[in-house]
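> Generate coordinates for the sequence data below:
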Amino acid sequence: MTSLTTTTSPTGDGPLVVNEVVGVPGGIGAEARAARADALDAWLRGILPGREGIALIAVGGLGRRQCAPYGDLDLVLLHAGVPGTDELAASLWYPIWDAGLRLDHSVRTVAEALSVAQDDVKVALGLLDARFLAGDRALADQLIHTATDHWRRTAVRQLPKLREITEARWATHGELAFLLEGDLKEAAGGLRDVGLLRAIATAGVTDALRPAVHAAHRRLLDTRDALHQQVGRRVDRLVAQERDGVAALLGLRQLQLGASDPAQRQEAGAEAGDGDALLRRVAGDARTVSHALDDAWRAADRLRAGRHRTAGGRPLRRPVARDVVEQDGELVLARAAIGARPDPSLSLRVAAAAATTRLPIARATCEWLAAYCPPLPAPWPPAARAALITLLGAGPGLVPAWETCDRYGLIDGWLPEWTRLRSLPQHNPVHRFTLDRHLVQAAYEASRHTRDVDRPDLLLLGAFLHDIGKGLPGDHSTVGAPLAEAVAARIGLPADEAALIAKLVRLHLLLPDVATRRDLSDPKTVAGVAERVGDTTTLDLLHGLVRADAAATGPAAWSDWKGRLVAELVARVRTALDTGVVPAPPAPDPALVAGPLPVVHLGEDRVSVAAADRRRLLATVAGCLALHRLEVISADAATVDGRALVQCRVQPRYGLAPDPIALSADLRRAVSGDVSVTQRLRGRALAARGQGAAPRVVWHREAATDAVLLELRAADAAGLLYRVACALDEAGAQVRAARISTLGGDVVDAFYLVGGWPPEAERERIEAAVLAAV
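Got it, this is the predicted structure:
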């Protein structure tokens, strides 16, 4: 409802009245929603003249008496064919619009309403919320009872169409549990899905609205109430700038991270506090709703397909694993497994069987395991440890099996650390999942690489634990290593293997960071990585972990060029570990060091230029590439026999490759000193200056063999490399190589400056020039 007048409480606690004309109160919670429904009911009854054969029916939020502060009105004017209905409808709708209320309305007979509901499953669902407001109650009851009875008789046939519509909505709006700015109503696990559960329960397919779902639904409604009250209008998307205010209205004030210092919280990868508490609560509620809906769909599928039974009428049971059998398409416990002292590893073994067979665990089985399965001893028995590795390596069946066990509290019994990790948001937009789901997804992705390593079990476990330190103060790789080692020891790994798990966690970012930010041809780079990794077994495990982590993070975290850089680094480090000799840097392309200048070679992802040695050649090439919408991933500059060589790895900035003829022509003109090209470069670079947090420069003294390393951390922008290279040249610094690493909207650009460690005054001057260019 769009208010004409909004009054607030004297204490500033929030709106007391969101529409003064109607007298609709504000507020959050079930009582406030009921009060709004009462106010609207009374007002609507007052503007509908009493007349036989006419009834006003509420559907939607008002029909359910779950009115949001600024929600819509969904009304049906039902009539029995009496004359003057259109005029009566106009006399009803216009006062509603004049009061500033948003209205969705229709005028129908009982037969018309039922006909539309028969053709449109969404209308059929809407009529299940229908509630009499005013007029002819018998007429309203006729529609309500008939629509409900028709739904119960036809629901099983209509559910496949409804599921198709629902999945299309999910594809548009995503999963609420994993979105930083999710739609509380339309996203998967949101309020719209609760309506589906209510419809399925009304049809008698299954008891979909269990207490956990009711509680999740109530909290999601409260969140939407608070969002409306915070923004002052109808909005269902929980955007970032409103998150803390909504959390405060809901009383969520506790910090969710161990760090109290803002800098530590930022380092931990999340903006902790009220907003994170809200995101975690919404994620948990959305997952509860989604899991209940999955159960409901399966129940409908079983009902539609018919049950498989023996000749005696009993359900067919098929053994699938020790103590686990399949019954009606679900996994249940074998009768022998149910005893006074269940095996502590039973829940893990059931989960592993569900993941490997890709069959769901029956709800009653989950509830029995949660209530009666004893805690695991420390260290775990071999059967439990084997079941966990089987579960983590099961591939596509892992995620649904894990989610089911998590919904019933089984995971907390296996891993007490899970409570801290559950639904923890990751605020970097590169991440598509919450932390707990990211870890499970990483294990799933690692299962694709188990044949590439000597110890697939350690790869799976390392992938599952690699980010266990997130949410705590400090660098999560360093903080997480001892936590992962403790988990590995508790599940029964020997001390040396537990230490290797800790090493994988501590070094899980080493390969991608070095590959994208350092000069791989520098012997010091390769030697440093080899020293930290130590052996080829660990190297292979880290390589598999890197690929699994990136795939679990999201499409923006990995690319073909990044994969090639990591593979190149792994190959060079492997040679160093096998032979003890660091590979020599590759020789320059012979075509670049011979023939008339300038030389321009364009490859699929490489641009190589040779020209007469002069200032700003690297900057000129970088700017020309930016002019043609190419991102520079790495750049190497060298001088051979009096000619300057610049070799760049590139990728299209917007996915479209440039015209090679135009690019080659501009490169030749630019490196030959054509002023017109240079002017175009400067104009584009100035127009492309980026926005965002303040840039930062970090110096590294011992990172290269013959150079010092300047690392720039800033917001990404087209032409950034050109501007910075120009600034470094004007400051008198000679760039030997550059490595550009982009993550989301930020970049970490590393520049190798030829020469020794400069004095402090010179470092400050160079740093100031770079920051001014950014």
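> Where does P69 fall, secondary structure wise?
P69 is part of no helix or strand, with elements assigned from DSSP states H and E.
> count of residues packed around it?
Neighbours of P69 under the rule other C-beta atoms under 10 Å: 31. Placement of C-beta: from N, CA and C, glycine included.
> I figured it hits N19, correct?
No: look at P69 against N19 with C-beta atoms under 8 Å: they stay out of range, at 9.1 Å.
> Identify the residue nearest the most centrally placed residue in the chain in space, chain neighbours excluded?
Central residue of the chain (C-alpha atoms, centre = their mean): R432, 2.1 Å from the mean position. Spatially, and ignoring its direct neighbours in sequence, R432 is nearest to G554 (4.1 Å; C-beta to C-beta, 6 or more residues apart in numbering).
> got a list of what the one you found touches?
Counting by C-beta atoms under 8 Å, 6 or more residues apart in numbering, G554 makes contact with V430, H431, R432.
> swap in A725?
Contacts of A725 (C-beta under 8 Å, 6+ apart): R616, L618, A619, A622, V735, A738, F751.
> Can you get me the start-to-end distance on stretch 625-635?
12 Å (C-alpha to C-alpha, to the nearest Å).
> And that stretch, what's buried?
With burial defined by 16 or more other C-beta atoms under 10 Å, the residues of stretch 625-635 counted as buried are L625, A626, L627, H628, L630, E631, V632, I633, S634, A635.
> mean confidence score for it?
For stretch 625-635, mean pLDDT rounds to 86.
> gap between it and the chain center?
29 Å (C-alpha atoms, centre = their mean, to the nearest Å).
> re the thing from before, which of the contacts of A725 fall in helices?
Per DSSP state H, helices hold the following members of these: L618, A619, A622.
> Tell me the one of those nearest W170?
A622 (42.6 Å; C-beta to C-beta).
> That closest one is in contact with A635, isn't it?
Yes: counting by C-beta under 8 Å, A622 does reach A635; the two are 6.6 Å apart.
> Identify the contacts common to those two.
With C-beta under 8 Å, 6+ apart, A622 and A635 have common neighbours C648, L721.
> May I see the contacts of G554 organised as JSON lines, with pLDDT, secondary structure and distance to L500 added?
Formatted as JSON lines, the contacts of G554 follow (pLDDT from 0 to 100; DSSP: H, G, I helix; E, B strand; the rest coil; distance: C-beta to C-beta, whole Å):
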{"residue": "V430", "pLDDT": "86", "secondary structure": "coil", "distance to L500": "28"}
{"residue": "H431", "pLDDT": "91", "secondary structure": "coil", "distance to L500": "26"}
{"residue": "R432", "pLDDT": "92", "secondary structure": "coil", "distance to L500": "29"}
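> Just confirm V698 is within a strand.
Yes: read with DSSP: H, G, I helix; E, B strand; the rest coil, V698 is one of the residues of a strand.
> for it, what are its contacts?
Contacts for V698 (C-beta under 8 Å, 6+ apart) come out as L710, E711, R713.
> and this protein, what are its domains?
Taking automatic domain parsing as the reference, the chain has its domains at 7-168, 176-255+265-304, 318-414, 432-581, 601-773.
> What's the end-to-end length of the longest one?
It refers to domain 601-773. 29 Å.
> gap between stretch 26-42 and the chain center?
Here the centre of stretch 26-42 is set off from its chain's centre by 35 Å, with C-alpha atoms, centre = their mean.
> And stretch 194-210, by the same measure?
28 Å.
> tell me which residues in it are buried?
194-203, 205-206, 208-210.
> now the strands for the stretch 601-750 of the chain?
Remark: strands assigned in the stretch 601-750 of the chain by DSSP state E, counting those that start in this stretch are 606-612, 630-640, 643-652, 696-700, 707-715, 735-743, 746-754.
> report the angle between the axes of the fifth one and strand 696-700?
Strand 707-715 and strand 696-700 meet at an angle of 160 degrees, taking axes from the mean of the first three to the mean of the last three C-alpha atoms, to 10 degrees as the criterion.
> Just give me the longest helix of the protein.
The chain, longest helix under DSSP H: helix 137-173.
> which is the next helix or strand following it?
helix 191-202.
> From V505, how far out is the residue nearest to R432?
G554 sits 21 Å away from V505, going by C-beta to C-beta, to the nearest Å.
> mind listing the strands for the stretch 451-600 of the chain?
Counting by DSSP E, counting those that start in this stretch, the stretch 451-600 of the chain has these strands, from start to end: 599-602.
> which stretches of it have low pLDDT?
Low-confidence segments of the stretch 451-600 of the chain (pLDDT under 70): none present.
> Let me see the ranges of the helices in it.
For the stretch 451-600 of the chain, the helices defined by DSSP state H, counting those that start in this stretch cover 456-465, 476-490, 495-506, 510-517, 523-533, 536-553, 560-579.
> Please work out which of those helices is packed deepest.
Highest mean neighbour count of the helices of the stretch 451-600 of the chain: helix 456-465, a mean of 26 (counted as mean count of other C-beta atoms under 10 Å).
> What is that one packed up against?
helix 382-392, helix 435-446, helix 476-490, helix 495-506, helix 536-553 (3 or more C-beta pairs under 8 Å, 6 or more residues apart in numbering; DSSP states H and E).
> what distance separates the helix or strand that comes right after the shortest one from the middle of the whole chain?
It refers to helix 382-392. On the C-terminal side of helix 382-392, the nearest following helix or strand under DSSP H and E is helix 398-407. Its chain's C-alpha centre and that of helix 398-407 lie 17 Å apart, by C-alpha atoms, centre = their mean.
> Reformat the contacts of A725 as JSON lines; add pLDDT.
JSON lines is the format used below for these (pLDDT from 0 to 100):
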{"residue": "R616", "pLDDT": "81"}
{"residue": "L618", "pLDDT": "87"}
{"residue": "A619", "pLDDT": "87"}
{"residue": "A622", "pLDDT": "88"}
{"residue": "V735", "pLDDT": "89"}
{"residue": "A738", "pLDDT": "87"}
{"residue": "F751", "pLDDT": "91"}
